[in-house]
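> Mind looking at a prediction? Sequence and model below.
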Amino acid sequence: MQRTSARLTSAATPVTWLGANYWSRTGGPLMWRSYDPDVVSEELRVLRDHGLNMTRSFYYWPDFMPTPYTVDEEKCALFADFLDRHHELGMTTVPTFIVGHMSGENWDPSWRGGRDLYSDVWMVARQAWFAGQMVRRFKDHPAVAGWLVSNEMPIYGDRTQDREAVSSWAQIIADAVRAAGGTQPFSLGEGAWGRENTGNENGFSVRYTAEICDFLGPHVYRMEDDPVRQHHAAAWVCELTGTFGRPVVLEEFGVSSDFVSGPNAAHYYRQVLHNSLLAGATGWIAWNNTDYDNLKHQPPYLHHAFEMHFGLTDAKGAAKPQLRELKEFAELLEKVDFGRTRRADTDTAVVISSYLDTEYPFTRPEDADHVYRTARQAWVAGRLAGLAPAVTRESDDLPGEARLYLVPSTKQLLSPTWYELEDRARTGATVYVSYCPGYHDEQRGPWYAHLNEMFGVEHQLEYGLVDPIEDDEVTFTFIRPFGNLSQGARLTFRAAGTENSRVFLPVEPTDAEVLAVDTHGRPALLLRRVGEGSVILSTYPLEHMAAVTPRVNPEDGVTLYDALGTHAQVRRPVTVADPRVVVDRLEHEDGRVFVWLVSQARQEISVKPVVEGDATLYDLDVTPVDTVSLPERGVRVLELRGA
């Protein structure tokens, strides 16, 4: 199964953006009122000297458009100087038009008067006119690398259910940019926060954005309860976003030093950069370039004090640990010639139920959140198991072909999808499904088209009731060998969930073989052979229980997925036994294969990678590698030869 590797290009040459969102320390969002060209050059030089090649910049809307029909020529002259200073240093920038929202405050031009930004025709026309004016002035400057409409427009324009209005607004401004001669890559700057990625409706559609834009730009600032999920939060969003076939630029990510120590900020940046790269991102723009201690009396820093300290440098321009991480990342990208690599194909896919992105009649919002959280946990567990899973969306009719399909803790798929999955098993795939009736008590139960027939069981459910998990832990004991698990092997899972979801599915086997039983001797994992493949049912919501449990990863779901991969004959050229280490690959167009080892361990560890066949691992300095030392939450990149 192919994983997305779409890239930005310039004159048919791949382009990798590695940069920072930029406000000068002279004024933050008000920098154009106190513009200091020498400080700007100094700030840009620090970024450039640490391997960054671009910035994302902002037309602070109240300053650049003082009336509905004029732009401020003095501010435009300052922006021209700003562009010149980028060009002098060999850097580029992506200007953002409607700003709008910024760092905990919305900034209106004085003339807006409360007009709706999406549906008021005059207001939309003013925005399109302003975008066109900026493009005409700066489109030919060599420092302009692209265009963005907004900064997190769902916050500035408010959440709405009116997708037609939002899509029309986006189309009109896109047309204005192109009509004005803006040929550079274009996107919306809305954060890729549409329902397809979040399960929450805000008027924006990632699918439609992909139709009119040249790249998609997630903004990710997650607060999690599990370190491994936290380290993969941005990567997961990049993986979801990549299903729409456009290049993915991680347009905003970062940390405030008020929320994290220096060493842990470095760990976080390292994890986000490498994990999102392996999830399909081909550009990164950190938030943001500098700290703002001298602006403590100025909004938004007056009331959002932590916003002062998201910088890659401190307020005096000294590099913070996260900027040094970016420098190392830039050096690695150059070593592997990243622009000419692609993600290796995978044999594993996580199925994303269409209940994430589609509002079906008489369903509830919790259904979408359930899909999001359980699918993410399955994807993370699959990565820890070395399966490098892709995602396949039910809304797209499950594109691609996999040897192993993971359908985690699932309540709902469309009826035809269940039959399609069984057909794929019939032609050789392994389809794994774990049961879950969902968070809430409305129509609580399995919405499966043919549960008994598909899994070779007779369920024993009582109407309107659930079968609660009463033990604090769920133990699977294997009564026969499975994958790389021997008879007698045991896996233990922490029980968790609501009164509706912390339940199991009672079944009696008919055509299925029982692989594992629970502590009470009940079937816990069953396999039914279908044609050339098989369908496997877990009667417990393993991924859901893990998804709602703090600090759980890596857990025994990783071991189960490893066994599923062995059973399905998933190809894994390089594996590591330690479940704290993610293994994945990029392939260069000249045939070279690069292997990433990404550690989640809180201490230095050594691992001995297992390589298929006669292949050999080498360090990037061409030294053969047998045992690999990984520092705390560290990363090593090796070359696989002879595969």
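Done, it's in.
> Report the buried residues of the helix or strand of the chain with the lowest mean pLDDT.
Here the helix or strand of the chain ranked lowest by mean pLDDT, DSSP states H and E is strand 8-10, holding a mean of 86. Across strand 8-10, burial judged by 16 or more other C-beta atoms under 10 Å covers residue 8. (Glycine included, C-beta is placed from N, CA and C.)
> Quick check: neighbours of that strand in the sheet, parallel or antiparallel?
Using DSSP bridges, strand 8-10 pairs in its sheet with strand 13-15 (antiparallel).
> Any stretches of the stretch 251-400 of the chain with poor pLDDT?
Along the stretch 251-400 of the chain, the model assigns pLDDT under 70 to no residue.
> all strands of it, in order?
Residue ranges of the strands in the stretch 251-400 of the chain, as given by DSSP state E, counting those that start in this stretch, are 281-287, 341-343, 348-352, 390-393.
> Residue 149 sits in which helix or strand?
strand 147-150 (DSSP states H and E).
> So what are the sheet partners of that strand and their directions?
Here, using DSSP bridges, strand 147-150 pairs with strand 92-99 (parallel), strand 186-187 (parallel).
> Render the CA-only coordinates of the helix or strand where residue 421 lies in PDB, please.
Per DSSP H and E: residue 421 is located in helix 415-426. Extracted in PDB, the C-alpha atoms of helix 415-426 (Å, rounded to 0.1, in the frame of the first residue of the first chain):
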ATOM      1  CA  SER A 415     -23.000  -1.800   5.800                       C
ATOM      2  CA  PRO A 416     -21.200  -2.300   2.400                       C
ATOM      3  CA  THR A 417     -17.800  -1.700   4.000                       C
ATOM      4  CA  TRP A 418     -18.200  -4.800   6.200                       C
ATOM      5  CA  TYR A 419     -18.700  -7.000   3.100                       C
ATOM      6  CA  GLU A 420     -15.900  -5.200   1.300                       C
ATOM      7  CA  LEU A 421     -13.500  -6.100   4.200                       C
ATOM      8  CA  GLU A 422     -14.600  -9.700   4.100                       C
ATOM      9  CA  ASP A 423     -14.000  -9.800   0.400                       C
ATOM     10  CA  ARG A 424     -10.500  -8.500   0.900                       C
ATOM     11  CA  ALA A 425      -9.900 -11.200   3.400                       C
ATOM     12  CA  ARG A 426     -11.200 -13.700   0.900                       C
END
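> Give me the contacts around that helix.
By C-beta atoms under 8 Å, 6 or more residues apart in numbering, the surrounding residues in contact with helix 415-426 are 351, 354, 394, 397-398, 401, 405, 407, 413, 431, 433, 448-450, 454, 530-535.
> how far off strand 348-352 does that helix point, in degrees?
Relative orientation of helix 415-426 versus strand 348-352 (axes from the mean of the first three to the mean of the last three C-alpha atoms, to 10 degrees): 170 degrees.
> before we move on, back to that, so which of the strands paired with strand 147-150 gets nearest residue 160?
Among the strands paired with strand 147-150, strand 92-99 comes nearest to residue 160, with 15.7 Å by C-beta to C-beta.
> What residues of the closest one count as buried?
92, 93, 94, 95, 96, 97, 98, 99.
> Check stretch 315-330 too.
Going by neighbour count (16+ other C-beta under 10 Å), the buried part of stretch 315-330 is 317, 319-330.
> would you list these in TSV and tack on distance to residue 422?
Formatted as TSV, the buried residues of stretch 315-330 follow (distance: C-beta to C-beta, whole Å):
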residue	distance to residue 422
317	61
319	56
320	53
321	51
322	48
323	52
324	52
325	46
326	47
327	51
328	47
329	44
330	47
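> gap between the two ends of stretch 302-313?
Distance between the boundary residues of stretch 302-313 (C-alpha to C-alpha, to the nearest Å) amounts to 20 Å.
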